[in-house]
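**Student:** What shape does this take:
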Amino acid sequence: MSTNVGRTITALAGGLRIIRVTQDDVELDVNSQFTVHIPKCERVIQPLVISSESGYIAEIAEALWVGKTGFPAAAGPNDLVVTVRCGAAVCNPHGLEAAYTEVGDWEIIVIVH
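**Tutor:** Next up, the predicted model:
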């Protein structure tokens, strides 16, 4: 079971904030994805950084959230769905990581409202 801790880094104009969320002990689902619930916010506006200390790759362009897609992608308005690709040292960096793999700890920095 992964744990999620979030804290505000910077308050911005118009009620926007930059939040740093750490997600521990992440395990992927069948689509090589995991969902991060961003606490203490109404909705995700834009992720800025999605990083793993284990060498896995997650591109912001592949992340899904309601504000980007316009519809829930198996997530609520304050959830972020992250697709994980293999790290260069692990396998082909363009290939998806195997489903149900444990991919360690992640840090996500996101703009929220």
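**Student:** what's near enough to touch the residue nearest to the spatial centre of the chain?
**Tutor:** In the chain, the centroid-proximal residue (C-alpha atoms, centre = their mean) is Val82; its distance is 4.5 Å. By C-beta atoms under 8 Å, 6 or more residues apart in numbering, the residues touching Val82 are Gln33, Phe34, Thr35, Val36, Ile50, Ala58, Glu62, Ala63, Trp106, Ile108. Just so you know, the C-beta spots here come from the backbone N, C-alpha and C atoms, and that holds for glycine as well.
**Student:** from those, which is closest to Ala99?
**Tutor:** The shortest approach to Ala99 among the contacts of Val82 belongs to Gln33, at 9.1 Å (C-beta to C-beta).
**Student:** now the helices: where do they sit in the chain?
**Tutor:** 66-69 (DSSP state H).
**Student:** the strands in it, which residues?
**Tutor:** Secondary structure of the chain (DSSP state E): strands located at 3-11, 17-27, 33-37, 44-52, 79-83, 102-112.
**Student:** which stretch among these comes nearest Gly70?
**Tutor:** strand 44-52 (13.0 Å).
**Student:** tell me the angle of the closest one relative to strand 17-27?
**Tutor:** 50 degrees (axes from the mean of the first three to the mean of the last three C-alpha atoms, to 10 degrees).
**Student:** neighbouring contacts of strand 44-52?
**Tutor:** By C-beta under 8 Å, 6+ apart, the residues outside strand 44-52 that reach it are 16, 18, 38, 58-60, 63, 65-67, 77-80, 82, 84, 87, 103-113.
**Student:** Can you pull the poorly scored residue ranges out of this structure?
**Tutor:** Scanning the chain with the threshold set as pLDDT under 70 gives 1-8, 72-74, 87-94.
**Student:** so who does the residue nearest to the residue nearest to the centre of the chain when sequence neighbours are not counted touch?
**Tutor:** Distances taken as C-beta to C-beta, 6 or more residues apart in numbering place Ala58 nearest to Val82, at 4.9 Å, with adjacent residues excluded. Listed by C-beta under 8 Å, 6+ apart, the contact partners of Ala58 are Ile50, Ser51, Ser52, Val82, Thr83, Val84, Arg85, Trp106.
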